[in-house]
Structure formats: C-alpha cells, structure tokens
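Q: coords below, sequence missing:
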C-alpha cells in the first residue's frame, strides 16, 4: 500500500509542499476506439479533478455513447467534430494533481490519419499510456504508436488493457495480451513496461482497486502514475545553454538568457561560447527573483559572464571540456507532418534549440514500415511517414544525439513559404567525419592515381558547394561586424578585410584566393587607396560593389538590407555535395 501524504498545518507550508511536487507529462497512445478518452475522463473524474460545471455540462450533453449517465470521453473530446464522430482528432491537454504529484496529459488521436498529432503530443512526455482493447488485442495503430513512443525516447510505457468487463475479467486474456505487448516492447528495445488490467467504463483499477479482478495484485493505473520515476529529458552532465536572448538594460549589465538544456551551471564555472569557441567564466546567475548559486536542467536563467565576448541568439554556452558535436552534416530520424511529401534537396528552415538555419534533406536511407518494423527503400516521404535521412545545413548546429538529450538532439523543419511545420527530427549521429573518411578513401583508391593525375577542384565546384558566386563588397567600417554576422547566419562563406589588412603586401594574392574559393569578401574601410582599388577591380571586375558611408541607425539598417539583398542575388541552385560513396 502507498503511504498517505504528510499533512501540513497552515497555508504557506501547504503552498510550499504543492510547489515541490514532481510533474509527470504523459501521453495516451493506441488504436481508435480503444477507449483512450473514456479512460482519461474516468481518471479525471475518479481523481476528483473535474469541476462541477464541467461535469454538469457533460451530463446535459445530447451525445452519450455510454450505457451510464456520464460519457467520460466528452470530458476530453472538446472539438465538436470529435464529439459527433466519437474519435479524438486534435491533441487535448489536461492538467490535474493529486496529493503526491502534478500531471499534464496529452490525449492524442488513435486514427492513423492523425499519427502526426500523436507524435506532437508525445514529444515532451516522460511516459506513454498505451491502451489495448481486450476484445481485439494488438492492432496496427497500437504498434505504430508504440514505435513512435520508442522513437521519441519516452522511457516508460504503461499498458492499460482496457474493456476487461467485456471479456468477463478473465486473467487468461490479460496474461496473453500482456505477453503479446512484451514481445513488441522487446522488438522496440523498451525495458520499462508495466501492464494494468482496467475497465475505463466501470472504473476498475483506474483509481480504485477492482473487486472484479482479485487475481491482480499490482498497482492501479493512478498508483503507477504517482510513483513511476520521472527521468530527465537529458542525460548530459556537461553544461548546455542555448542563448535565447541577449539582455542589456543598461551599460553596466549584459546577460545571456536561456533554458538550461544540460548539466548544472554554477557561479565560477568555465564556459565556452559556440561557434566562436571563446572561453570565460560564469560571474553570476540571475533570475527575476534574484541571483542563484546554481541552475539545473530546464530552468530559465540569465548568465552574466566575466569577460565581454561576442554572443548572440542561436549561440550556445557549453562546458569547454565536454562540448557538443558541431556539424552541418548529420543523420536523423524524421516524422513527416505535412500533406506535401518531403522533397530531396529542397531548402527548408531548420529550428534547433534557439538556432535557425537553412537545411536540405540530401538522402533518404530508408522508410520504416511501423507494422513490421522493416526498412523500405524510397525517394520520398509522405505525411505520417517515418524515415532515416541525411541533412545538410547552411551553418553548423551544436547538438548531442537524441539518445543522450531530447533537448539538444531534436529539431523541427519549417516550410519557408507557408511557415508550416512539416517535419520533426531526432538527430542520430554526425556524418561530417564519415564524409571526410569516405572522401579520403575514394581519393586514394581512384585507380591508384598519383597527386599529379588527380583533377584540381574547380571554381565552379566551389560555387556549387557554397551555393553562391564570389563577390567583393566595399562597405563602411561601422557595419562590418553586423554585415558579416548577417551573411554568415544566412549561409554565405564570408570574410571581412579591414583597413589594417589593406596595407599587406600579400593582399592581392590573398584576395585572389578568397575569390577563387567563392567567398563574399567584405572590404571595410573609410577610404580605399587608388592602388588598392585597382587590385580589387582587377580581381572582381564589374562585380565590385560599393556601399556609401552611413551616419544614422535607420540608414545603417537599410544598408544591411541592401547588402543582404545583393548577396541573395549571388545564390545558385545548390548542388549535392561530393560524397565518396557515390563515386
């Protein structure tokens, strides 16, 4: 038996105890008509988590598909179409609490058409409540949802074998279905599985123990929810803080706000900023309620650093001794959420932590048949499809594998035209090292050719790789840093040459090399000497573009827009990067 919660006297101790309760996010999963909404409605009702006006509204509803006075599914099926059809269409979130724990339920659709909604609801869950109809057994959609739960890294599965009242509460039926699901869980490599025989309609083993199944001695459904260990979303012990916002209320304070996505941050800890790789230490940890000695996983804080280093939104503060992977080429599992199929080599926006970059899916390794768990060869991915793919991004991401961290290992893909979220991804591994090894291997094995026999990399190949033509832009010093950052974030290979660089005797040679490498070179100077201008024109010819000096912020912003607009005109259709395995 579970021990009763400790009583507290007074409002403030009660409030403090309530604030210290753990929070369990869980999602429902299973096939249509397994009784998910009815089970959640029964759970909320028997746990005394329904307001009287809600209950009265349900009792008065003209729709009642149950044999009793209350159709519990109406407590969660909020859409009119859901109530009329008797199915869940959208994800319904419900909050409730008991004396031991707080809960957020994501009641997700069971129909195959709404698999993407199930993936959305399960993305933040720590437990999946999988329903199995005792009269039907494991159905294809039950397998599909269980696979998605394992794919999303949900650590705990609670299997509710429902409608036991329709099979006479027979222990043999429960044991058979429990064994069937354990076999599926073994295939999916899920180890934390608990099975409970229930009747959502009658309330057996939901909150109160059933008298109809004396042969079952395990916990009720609510008892398991109250006691299951809540595993963190990240097992990374090293510091991870994606920078959400730079806070500068005055000249005396400059802080970097974000949510801790890995490890514990303490005052005095050494941190490294990515992508610049500059190192410093945490001077203080600031929140609305004052300074903290430490910040833990999922806590939103602002860090003030000892040194003034260049950090902006999308950068990440990490442990110098254990940084994340930095790469623009990686493999991932993707759940496709859009009616339009995934298109290879089309540019999408990829949002990862606080960073947004352009990305293309360059290859689909295989599509998963969730009914058989087999891998199928394909060149496209339709809505609700799941596949292993390769992606390339315009700028590197800072990530850990999804298996280690759901926070720094996940991303979404967005259509840049409609702004619709089209895919959800779980990063598997970095491919940049494998690409280098494959390229070196392919080069060495080209018919035993010597260096003299191998063809040099051409300018056109570099342009195709970078996705843009080279350019030289003459700009004021005042916008050099902002222009370089804007071009870099937009995926351009860029470099700034300032006035001090112009006197170098190797300037012309250096400039020629940058041009041949398809760089967008920003020459920042108040005045360019005649001989240097001639050198620039000798390399760029008519492509040399000059932007006039600025004084006002409005003119400065307008100039940055013009620089970006000109850079966009340099883009070419992005060719597939060289891969050793394709040659």
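A: On my side now, so go ahead. Here the structure is a predicted model, which means the values were calculated and not measured.
Q: Using the three-state scheme, assign residue 40.
A: helix (DSSP: H, G, I helix; E, B strand; the rest coil).
Q: my bad, residue 485
A: helix.
Q: Mind pulling up the pLDDT for it?
A: On pLDDT, residue 485 comes in at 86.
Q: ok so residue 392 is a strand residue?
A: Yes - assessed with three-state DSSP, residue 392 lies in a strand.
Q: how close does it get to residue 463?
A: Counting by CB to CB, to the nearest Å, the gap from residue 392 to residue 463 is 16 Å. From N, CA and C alone the C-beta is placed, and that goes for glycine too.
Q: Among these two, which residue is more densely surrounded?
A: residue 392 (21 against 17; other CB atoms under 10 Å).
Q: From residue 380, how far off is that one?
A: Applying CB to CB to residue 392 and residue 380 gives a distance of 18 Å.
Q: now residue 92
A: Distance from residue 92 to residue 380, by CB to CB: 32 Å.
Q: ok, now residue 122?
A: 24 Å.
Q: Who has more neighbours out of these two?
A: Taking other CB under 10 Å, residue 122 and residue 380 do not tie; residue 122 has more neighbours (26 against 13).
Q: Next, the buried residues of stretch 92-108.
A: Using 16 or more other CB atoms under 10 Å as the test for burial, stretch 92-108 gives 92, 94, 96, 98, 100-101, 103-108.
Q: Sort out for me which of those residues are in helices.
A: Counted as lying in helices by DSSP state H, out of the buried residues of stretch 92-108, is not a single one.
Q: Go through those and name the one with the lowest pLDDT.
A: residue 92 (72).
Q: Find the nearest non-adjacent residue to that residue, please.
A: Nearest non-adjacent residue to residue 92, counting by CB to CB, 6 or more residues apart in numbering: residue 107, 4.2 Å away.
Q: wait, what's in contact with the closest residue to residue 522 other than its chain neighbours?
A: Of all residues not flanking residue 522 in the chain, residue 496 sits nearest, at 4.6 Å (CB to CB, 6+ apart). Residues near residue 496 by CB atoms under 8 Å, 6 or more residues apart in numbering: 480-481, 483-484, 521-524.
Q: do you know how far the closest residue to residue 373 other than its chain neighbours is from residue 372?
A: Nearest residue to residue 373 in three dimensions, chain neighbours excluded: residue 187, at 6.2 Å (CB to CB, 6+ apart). Residue 187 sits 10 Å away from residue 372, taking CB to CB as the criterion.
Q: Quick check on the two: which one has the bigger neighbour count.
A: residue 187 (14 against 11).
Q: Max pairwise distance over the buried residues of stretch 92-108: which two?
A: 100 and 108 (24.7 Å; CB to CB).
Q: unless I'm mixing things up, the residue nearest to residue 373 is touching residue 371, no?
A: No - with contact defined as CB atoms under 8 Å, residue 187 does not reach residue 371; the gap is 11.8 Å.
Q: Excluding covalently adjacent residues, which one is nearest to residue 498?
A: Per CB to CB, 6+ apart, closest to residue 498 is residue 524, 4.8 Å.
Q: mind checking pLDDT for that neighbour?
A: 84.
Q: tell me the contacts of it?
A: 475-477, 479-480, 496-499.
Q: which of those has the weakest pLDDT?
A: residue 499 (64).
Q: Where do the helices of the stretch 201-350 of the chain begin and end?
A: Ranges of helices in the stretch 201-350 of the chain, per DSSP state H, counting those that start in this stretch, are 221-227.
Q: how about the strands in it?
A: 240-242, 245-250, 253-259, 265-266, 270-274, 278-287, 290-292, 294-295, 300-305, 316-318, 325-336, 347-352 (DSSP state E, counting those that start in this stretch).
Q: Quick check: residue 27 vs residue 364, distance?
A: 27 Å.
Q: ditto for residue 388
A: 7 Å.
Q: And for residue 417?
A: Relative to residue 364, and taking CB to CB, residue 417 is found at 22 Å.
Q: residue contacts, residue 418?
A: So residue 418 contacts nothing (CB under 8 Å, 6+ apart).
Q: so how many other residues sit close to the nearest residue to residue 416 once chain neighbours are set aside?
A: Leaving aside its chain neighbours, residue 416 sits nearest to residue 349 (5.2 Å; criterion: CB to CB, 6+ apart). Residue 349 has 17 neighbours, counted by other CB under 10 Å.
Q: wait, doesn't residue 349 sit right on residue 356?
A: Yes - in this structure residue 349 lies within contact range of residue 356 using CB under 8 Å: 6.0 Å.
Q: where in the stretch 351-500 of the chain is pLDDT low?
A: 433-456, 499-500 (pLDDT under 70).
Q: now the helices: where do they sit in it?
A: 432-444, 459-466, 480-489, 499-502.
Q: Check which element follows the last one along the chain.
A: By that I understand helix 499-502. With elements assigned by DSSP states H and E, the helix or strand that comes after helix 499-502 is helix 507-516.
Q: Report the buried residues of that following helix.
A: 507-508, 511, 514-515.
Q: so what secondary structure elements neighbour that helix?
A: strand 494-498, strand 520-524, helix 530-540 (3 or more CB pairs under 8 Å, 6 or more residues apart in numbering; DSSP states H and E).
Q: quick check: angle from it to strand 494-498?
A: 160 degrees (axes from the mean of the first three to the mean of the last three CA atoms, to 10 degrees).
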